[in-house]
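Novice: sequence first, then the predicted structure, then my questions.
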Number of protein chains: 2
Amino acid sequence: MTPDTPLKLVALAGGVGGAKLAEGLAQILPPHALTIIVNTGDDFVHWGLNISPDLDTVCYTLAGLANPVTGWGQADETWNVFQQMERLGAPTWFRLGDKDLATHLERTRRLREGEPLSHITHDLCMRWGIRHTVLPMSDDPVATIVDTVEFGELPFQEYFVHQRCEPTVRRFRFAGIEQAQPAPGVREAMAHADALIVCPSNPWVSIDPILKILQTAAIHLPNVVLAVSPIIGGRAVKGPAAKMFRELGIEPSALAVAEHYGKRTLTGFVLDSIDANLAPAVDALGIQAFVAQTLMPTSKERRKLAQDVLHLVEKLV
Amino acid sequence: MTPDTPLKLVALAGGVGGAKLAEGLAQILPPHALTIIVNTGDDFVHWGLNISPDLDTVCYTLAGLANPVTGWGQADETWNVFQQMERLGAPTWFRLGDKDLATHLERTRRLREGEPLSHITHDLCMRWGIRHTVLPMSDDPVATIVDTVEFGELPFQEYFVHQRCEPTVRRFRFAGIEQAQPAPGVREAMAHADALIVCPSNPWVSIDPILKILQTAAIHLPNVVLAVSPIIGGRAVKGPAAKMFRELGIEPSALAVAEHYGKRTLTGFVLDSIDANLAPAVDALGIQAFVAQTLMPTSKERRKLAQDVLHLVEKLV
């Protein structure tokens, strides 16, 4: 392995946590050496527009456009359309800033003209100056449905944003996933990958849909599959992952994440340093445990974790 | 006729000129005494959004929101989404400001949910504080098609905005008009109207579609039908009406407008004072000619012309 022939990685990502590690990897890997496959189970239609929250979070983060405070939308955003929409009586539980809105308008316009989501994503990435490959998991619609005690089945964004993750989760369902083909480029990227990185995203609703698509398409995982825990000290860095584990009757911990994926999927698992005591239990699952600093508030920590991950991959391949 | 039982008027309107007289009439008539029926043949889909240019111009004008400089869109407008759309490669020949965009987003959202255009228009009017009744001519789609020498058939906004009215007109066609039912309220408003006011809008592309809808539905016109000329001194105050007359082989003039409608439609015709010399020729058509100041740059002239029109109607009924 020389600097001229770097390892080729595929990263699986959901929203914020996944986007951060993807950005770190993009800092240290040349464009052709990194493909990021992004969950689209959260995609939904709002105000008549096709919104892809995870794709947008990944792209905005890679492009340096992401809002670092909210974890969604763009920085330096304005709300002129949103204010008018409030005045006109439109539903306002999902906030869309003016810049962000343009993304959804343009995506929707092209989807209606029959252009696949993967094409549109590629073109938007070019315009945003993103040089690494970002792929939706599929061009076909997949809808994550959260079955809750209080309301029965809820579309994911209804659960996540409208109900603020408050309902108690019973089960998840991915409508359409059996029919969904991997997006063009997914199969090829996986075939050439030296390792698969499972970013620190929600295992239930961000990573599982992608893994399911790969499995249904009989796409083999590389020999090295390394996940970074999205749970640190028993708590999710962001989002409802820990709450979901608890409601499903599982004590939330990094170990529970490793168990969830299992040794059929993972060869290695990166624990945060505060969870170092869990390493023997992870090893006991037949998954090699590693320890790193996994909190990535700024670009610097993202680069550092990406380097640590890359070094682990180099050791494992 | 006492102040407690004012005349009930219906006004037919296209865009800017029609909107100005409608606003004048709204200044002097109580809400239940004025219904404005608006052309929707110009409606089109852009950026995936259903846009109703004439309805919006009338509503924005009645609500005091219209941009007085451009003749379209809202005053104090911002362009944040539009700038992003340019960056993302969207078509930019039709400019949509942020406030204006909210109208189209909300209209489109509700149309997709199956709500008729007339319902949506009614609700938006309430929210904009418009107390008089504004009706689209139909809830069914009608598409004005301009047959041109250079390009053949063009959808109206392609001709009007994208091609800046430059192509030479051969003929007009209103796709879907034979099947289009009058919007709910049109028949009732016409049945109770003491007079119909044909606002100074383009006869070919703004008023003719509305008249055609009424005719197809066998809706009788009131005994008094008074049109205000959109052509002054041989020129259109705004828009391509005079150019259209010329290209169709007719010398553009107020007289030509009166001839176009004819005595089967009109009982009276209001000429601008600079066209007073045409009054005998209009009378000779079997249409009573009147003279007034018909330019309406500000609210004051709109009110004055509306008062003149109302006095004429009072004499004629």
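Specialist: Received it, and whenever you're ready, just let me know what you need. Residues are numbered from 1 along each chain as shown, chains lettered A, B, ... in the order given.

Novice: any idea how far stretch A:138-147 is from the chain center?
Specialist: 14 Å (C-alpha atoms, centre = their mean, to the nearest Å).

Novice: actually stretch A:125-133, sorry about that
Specialist: 17 Å.

Novice: do stretch A:37-48 as well
Specialist: 12 Å.

Novice: list the buried residues of that stretch.
Specialist: Using 16 or more other C-beta atoms under 10 Å in any protein chain shown as the test for burial, stretch A:37-48 gives A:I37, A:V38, A:N39, A:T40, A:G41, A:D42, A:D43, A:F44, A:H46, A:W47, A:G48. To be clear about C-beta, it is placed using only N, CA and C from the backbone, and glycine gets the same treatment.

Novice: let's see which of the residues you listed end up in strands.
Specialist: In strands, judged by DSSP state E, the following of those are found: A:I37, A:V38, A:F44, A:H46.

Novice: which residues of chain A lie near chain B?
Specialist: A:47-49, A:78, A:80-81, A:84-85, A:87-90, A:98-99, A:101-103, A:105-106, A:108-109, A:112, A:123-124, A:127 (C-beta under 8 Å from any C-beta of the partner chain).

Novice: mind checking which of the residues you listed are buried?
Specialist: Among these, those scoring as buried are A:47-49, A:78, A:80-81, A:84-85, A:88, A:90, A:98-99, A:101-103, A:105-106, A:108-109, A:123-124 (criterion: 16+ other C-beta under 10 Å).

Novice: next, give phi and psi for the closest residue to A:D194 other than its chain neighbours.
Specialist: Nearest residue to A:D194, sequence neighbours excluded (C-beta to C-beta, 6 or more residues apart in numbering or on different chains): A:L7, at 4.5 Å. A:L7 adopts backbone torsions of phi -60, psi 140, taken as degrees, to the nearest 10.

Novice: for the residue in the stretch 201-317 of chain A positioned nearest to chain B, what are its contacts?
Specialist: In the stretch 201-317 of chain A, the residue that lies nearest chain B is A:S299 (23.2 Å; C-beta to the nearest C-beta). By C-beta atoms under 8 Å, 6 or more residues apart in numbering or on different chains, the contact set of A:S299 is A:E23, A:G24, A:Q27.

Novice: my read: the residue nearest to A:D194 touches A:E314, true?
Specialist: Yes. Counting by C-beta atoms under 8 Å, A:L7 touches A:E314, with 6.7 Å between them.

Novice: which parts of the stretch 1-150 of chain A are strands?
Specialist: Ranges of strands in the stretch 1-150 of chain A, per DSSP state E, counting those that start in this stretch, are A:9-13, A:34-38, A:44-46, A:49-51, A:133-136, A:143-148.

Novice: just put those in JSON lines and tack on mean pLDDT.
Specialist: Putting the strands of the stretch 1-150 of chain A into JSON lines (pLDDT from 0 to 100) gives the following:
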{"stretch": "strand A:9-13", "mean pLDDT": "98"}
{"stretch": "strand A:34-38", "mean pLDDT": "98"}
{"stretch": "strand A:44-46", "mean pLDDT": "93"}
{"stretch": "strand A:49-51", "mean pLDDT": "96"}
{"stretch": "strand A:133-136", "mean pLDDT": "98"}
{"stretch": "strand A:143-148", "mean pLDDT": "96"}
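
Novice: closest to B:P252 out of those?
Specialist: strand A:49-51 (43.4 Å; C-beta to C-beta).

Novice: enumerate every residue touching the residue nearest to A:D194.
Specialist: Contacts of A:L7 by C-beta under 8 Å, 6+ apart are A:M1, A:L29, A:A33, A:D194, A:A195, A:L310, A:V313, A:E314, A:V317.

Novice: need the buried ones from these selected in ChimeraX.
Specialist: Per 16+ other C-beta under 10 Å, the buried members of the contacts of A:L7 correspond to this ChimeraX selection:
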select /A:29,33,194,195,310,313
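
Novice: from the contacts of A:L7, which two are the most distant?
Specialist: A:L29 and A:V317, at 14.4 Å, using C-beta to C-beta across the contacts of A:L7.

Novice: state whether A:R170 is indeed within a helix.
Specialist: No. Using DSSP: H, G, I helix; E, B strand; the rest coil, the assignment for A:R170 is strand, not a helix.

Novice: can you name the residues bridging to the closest residue in space to it that isn't next to it in sequence?
Specialist: In space, and not counting its chain neighbours, A:R170 is closest to A:D147: 4.5 Å by C-beta to C-beta, 6+ apart. Beta bridges link A:D147 to A:E153, A:R171, judged by DSSP bridges.

Novice: run a quick neighbour tally on A:D147.
Specialist: 16 (other C-beta atoms under 10 Å in any protein chain shown).

Novice: and it, how far from chain B?
Specialist: Distance of A:D147 to chain B, computed by C-beta to the nearest C-beta, to the nearest Å: 25 Å.

Novice: wait, doesn't that residue sit right on A:E153?
Specialist: Yes. Here A:D147 reaches A:E153: they are 5.1 Å apart, a contact under C-beta under 8 Å.

Novice: which ones are touching whichever residue of the stretch 101-250 of chain A sits closest to chain B?
Specialist: Residue nearest to chain B within the stretch 101-250 of chain A: A:A102 (3.3 Å; C-beta to the nearest C-beta). When contacts are counted by C-beta under 8 Å, 6+ apart, A:A102 touches B:V81, B:Q84, B:M85, B:R87, B:L88, B:A90.

Novice: for the closest residue in space to it that isn't next to it in sequence, give me its contacts.
Specialist: Spatial nearest neighbour of A:A102, chain neighbours left out: B:Q84 (3.3 Å); criterion: C-beta to C-beta, 6+ apart. Contacts for B:Q84 (C-beta under 8 Å, 6+ apart) come out as A:D98, A:K99, A:L101, A:A102, A:T103.

Novice: how many neighbouring residues does A:T92 have?
Specialist: Residues near A:T92, counting by other C-beta under 10 Å: 12.

Novice: need the phi and psi values for it.
Specialist: phi -120, psi 20.

Novice: any idea how far A:E301 is from A:R164?
Specialist: 28 Å (C-beta to C-beta, to the nearest Å).

Novice: more crowded one of the two?
Specialist: A:E301 (15 against 10).

Novice: isn't that one right next to A:D308, touching?
Specialist: No. Between A:E301 and A:D308 there is no contact, the gap being 10.3 Å when judged by C-beta under 8 Å.

Novice: find residues that contact each of the two.
Specialist: Residues within reach of A:E301 and of A:D308 at once, by C-beta under 8 Å, 6+ apart, are A:Q293.

Novice: one step back: include distance to B:G234 and pLDDT when you put the contacts of A:S299 into TSV, please.
Specialist: Formatted as TSV, the contacts of A:S299 follow (distance: C-beta to C-beta, whole Å; pLDDT from 0 to 100):
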residue	distance to B:G234	pLDDT
A:E23	65	97
A:G24	70	98
A:Q27	68	97
